[in-house]
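[1] Structure of the sequence below:
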Amino acid sequence: MTHSFALHIPDAELEPEPLAPEQIVSGNPEVTGKVVWESADGRQIRGIWQITPGVVTDTEADELFVVVSGSATIDFEDGPTLRVGPGDMAVLRAGDRTTWTVHETLRKAYAISL
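    Residues are numbered from 1 along each chain as shown. The predicted model follows:
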């Protein structure tokens, strides 16, 4: 995008983003998302991400996100457990190894720095 814009997050159409099989711990979670802005150098990414119920693992990037709908518990290998739901903001650090237990389909708006 080369100009400012607004987007209604709950209604945004998302594209499939298949999980690697080794990330799935239990259930049949499905991920969809949409990048809505990316810096020219590719180091800053803004978007929307959604995951259906299940348990998955991930290694995080530097990210700030706000949950729009749904809920999850995020367990950190070497840290706290976060419980997030609508209206919650969270900050993840690059390299954090996490396990996401998604209770209700979770949709978030995010800003990632690489």
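[2] And the strands in the protein, which stretches?
    Counting by DSSP state E, one finds strands in the chain at the ranges 15-16, 24-27, 31-38, 44-51, 54-59, 62-76, 81-84, 89-92, 97-113.
[3] which one of the ones you listed lies closest to His3?
    Closest to His3 of these, according to Cβ to Cβ: strand 31-38, at 10.4 Å. Backbone N, C-alpha and C define where each C-beta goes, glycine included.
[4] What are the contacting residues of the closest one?
    With contact meaning Cβ atoms under 8 Å, 6 or more residues apart in numbering, strand 31-38 is reached by 1, 5, 7, 12-19, 44-52.
[5] repeat for stretch 83-101
    So stretch 83-101 is contacted by 25, 51, 55-79, 82, 106 (Cβ under 8 Å, 6+ apart).
[6] now these: which count as buried?
    51, 55-57, 60, 63, 65, 67-68, 70-72, 74, 82, 106 (16 or more other Cβ atoms under 10 Å).
[7] Narrow the contacts of strand 31-38 to just the buried residues.
    When those are checked for burial by 16+ other Cβ under 10 Å, the buried set is Ala12, Leu19, Ile45, Arg46, Gly47, Ile48, Trp49, Gln50, Ile51.
[8] what pairs with the fourth one across the strands?
    It refers to Arg46. Using DSSP bridges, the beta-bridge partners of Arg46 come out as Trp37, Ala111.
[9] correct me, but it touches Tyr110?
    Yes - with contact defined as Cβ atoms under 8 Å, Arg46 reaches Tyr110; the gap is 7.1 Å.
[10] returning to what we had before: widest-spaced pair of the buried ones among the contacts of strand 31-38?
    Largest separation among the buried ones among the contacts of strand 31-38 by Cβ to Cβ: Leu19 and Arg46, giving 21.4 Å.
[11] who touches Thr81 in this structure?
    Thr81 sits next to Thr73, Ile74, Asp75 when contact means Cβ under 8 Å, 6+ apart.
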